[in-house]
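K.L.:
build the 3D model from these lines:
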Amino acid sequence: MKLERTRFSEIQISEKEFEQILPRICDASISYDPERWTPDNPLYGTCVPVSLVARPIFGGLLLRADLKSLPKYKHLEFHWVNLLPDKRIKDFTQTQFGDDYPEGMEYVRKSPSSILRHTDVAQRTHLLYQRLLREIQGIY
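P.N.:
Predicted coordinates for the structure are as follows:
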């Protein structure tokens, strides 16, 4: 299947559609922690590429929380979410935590370039973007 050349900002998809697609296109190769990733928790460790892909589609800013002080989640180090233009904090990977979402996270604004300078993050983000395009082009 040939992908049309599409910019993130040209993707027309609702938040709900995006959330429904994510579990189908995320796997261990997208996860920060592929050894702990499982098919039962497809969004585990995917917050960075998911937030980076979501930002130009839905607008807004990237926010990062430090998880190193939370014993249960310190192995993840950080958690990334989106601050949407309507000022809602949107965590597209919230389901990775199941019923035990980390409470009291304090977020700081981060630029995409601050995380995309890491080669592995850039590669995982590009892979997720390509999969999203394939999925959308297959649906519409």
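K.L.:
going forward, measure contacts and count neighbours with C-alpha atoms only.
P.N.:
Will do.
K.L.:
where's residue 131, which helix or strand?
P.N.:
For residue 131, the host element (DSSP states H and E) is helix 119-139.
K.L.:
now the least confident helix or strand in the chain by mean pLDDT, how far from the chain's geometric center?
P.N.:
For the chain, counting by mean pLDDT, DSSP states H and E, helix 112-116 ranks last in confidence among helices and strands (a mean of 85). Taking C-alpha atoms, centre = their mean, to the nearest Å, the mean C-alpha location of helix 112-116 is offset from the chain mean by 13 Å.
K.L.:
what are the buried residues along that helix?
P.N.:
residue 116 (16 or more other C-alpha atoms under 10 Å).
K.L.:
ok, residues contacting it?
P.N.:
Residues from elsewhere that reach helix 112-116 (C-alpha atoms under 8 Å, 6 or more residues apart in numbering): 52, 62, 121-122.
K.L.:
dump the residues you listed into CSV; add neighbour count as well.
P.N.:
Shown next, in CSV, are the contacts of helix 112-116 (neighbours: other C-alpha atoms under 10 Å):
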residue, neighbour count
52, 27
62, 23
121, 19
122, 17
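K.L.:
between those, which is nearest residue 103?
P.N.:
residue 62 (18.8 Å; C-alpha to C-alpha).
K.L.:
the closest one - that's part of a strand, no?
P.N.:
Yes - assignment of residue 62 by DSSP: H, G, I helix; E, B strand; the rest coil places it within a strand.
K.L.:
how many other residues sit next to the nearest residue to it once chain neighbours are set aside?
P.N.:
Closest residue to residue 62 apart from its sequence neighbours, by C-alpha to C-alpha, 6 or more residues apart in numbering: residue 82 at 4.9 Å. Residue crowding around residue 82 was assessed by other C-alpha atoms under 10 Å; the count is 25.
K.L.:
now residue 46
P.N.:
When neighbours are counted by other C-alpha under 10 Å, residue 46 registers 29.
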